[in-house]
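Peer 1: Mind looking at a prediction? Sequence and model below.
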Amino acid sequence: QVQLVESGGGLVQAGGSLRLSCAASGRTFSSLHMGWFRQPPGKEREFVAAISWSGSSTDYADSVKGRFTIARDNAKNTVYLQMNSLKAEDTAVYYCAADRIRYYTLAGLWDYWGQGTQVTVSS
């Protein structure tokens, strides 16, 4: 079993930055593929970014390419999402996800989820 705890959300003005963190426990973190998803109000959960267990491979949603960066620190059992140039449409609950096999852009395929952290971008 894997426990994921997100932090770093909050209220920020458009154009600002936030860094989300997701701390993992319960399984060897370095063997897990990690991802970030978000769920805007009244909408489905959507893919944001993912990173392979080694950090050598990443993927991003088109809507965040060039603005968001996913990174991991296997020594700290933590994955990060650096969010720059935030827009009002980035407002959502952001979730961390982990998987033992690979990373996916479909939310339903991931093994483990955190509880989420709210990000609100004011325009």
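Peer 2: Here it is on my side, so go on.

Peer 1: in a strand, that's where residue 55 is, yeah?
Peer 2: No: residue state for residue 55 (DSSP: H, G, I helix; E, B strand; the rest coil) corresponds to coil; a strand is not indicated.

Peer 1: out of everything not next to it in sequence, what's closest to it?
Peer 2: Once flanking residues are discounted, residue 55 sits nearest to residue 72: 5.3 Å by CB to CB, 6 or more residues apart in numbering. Backbone N, C-alpha and C define where each C-beta goes, glycine included.

Peer 1: Using PDB, list the CA coordinates for the host helix or strand of the one you found.
Peer 2: Applying DSSP states H and E as the criterion places residue 72 in strand 68-73. What follows is strand 68-73, C-alpha atoms only, in PDB (Å, rounded to 0.1, in the frame of the first residue of the first chain):
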ATOM      1  CA  PHE A  68       4.500  23.500 -15.300                       C
ATOM      2  CA  THR A  69       7.400  21.200 -14.500                       C
ATOM      3  CA  ILE A  70       7.300  17.800 -12.700                       C
ATOM      4  CA  ALA A  71      10.300  16.600 -10.800                       C
ATOM      5  CA  ARG A  72      11.100  14.000  -8.200                       C
ATOM      6  CA  ASP A  73      13.500  13.500  -5.400                       C
END
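
Peer 1: Could you identify the helix or strand that succeeds it?
Peer 2: strand 78-83.

Peer 1: In PDB, list the C-alpha atoms belonging to that following strand.
Peer 2: Only the C-alpha atoms of strand 78-83 are listed here, as PDB (Å, rounded to 0.1, in the frame of the first residue of the first chain):
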ATOM      1  CA  THR A  78       8.700  13.300  -2.900                       C
ATOM      2  CA  VAL A  79       7.400  14.500  -6.300                       C
ATOM      3  CA  TYR A  80       6.900  18.100  -7.100                       C
ATOM      4  CA  LEU A  81       4.900  20.200  -9.500                       C
ATOM      5  CA  GLN A  82       6.300  23.600 -10.200                       C
ATOM      6  CA  MET A  83       3.600  25.800 -11.600                       C
END
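
Peer 1: ok, and for the helix or strand just after that strand, which residues are buried?
Peer 2: Per DSSP H and E, the first helix or strand lying C-terminal to strand 78-83 is strand 92-99. For strand 92-99, a neighbour-count test (16 or more other CB atoms under 10 Å) marks 92, 93, 94, 95, 96, 97, 98, 99 as buried.
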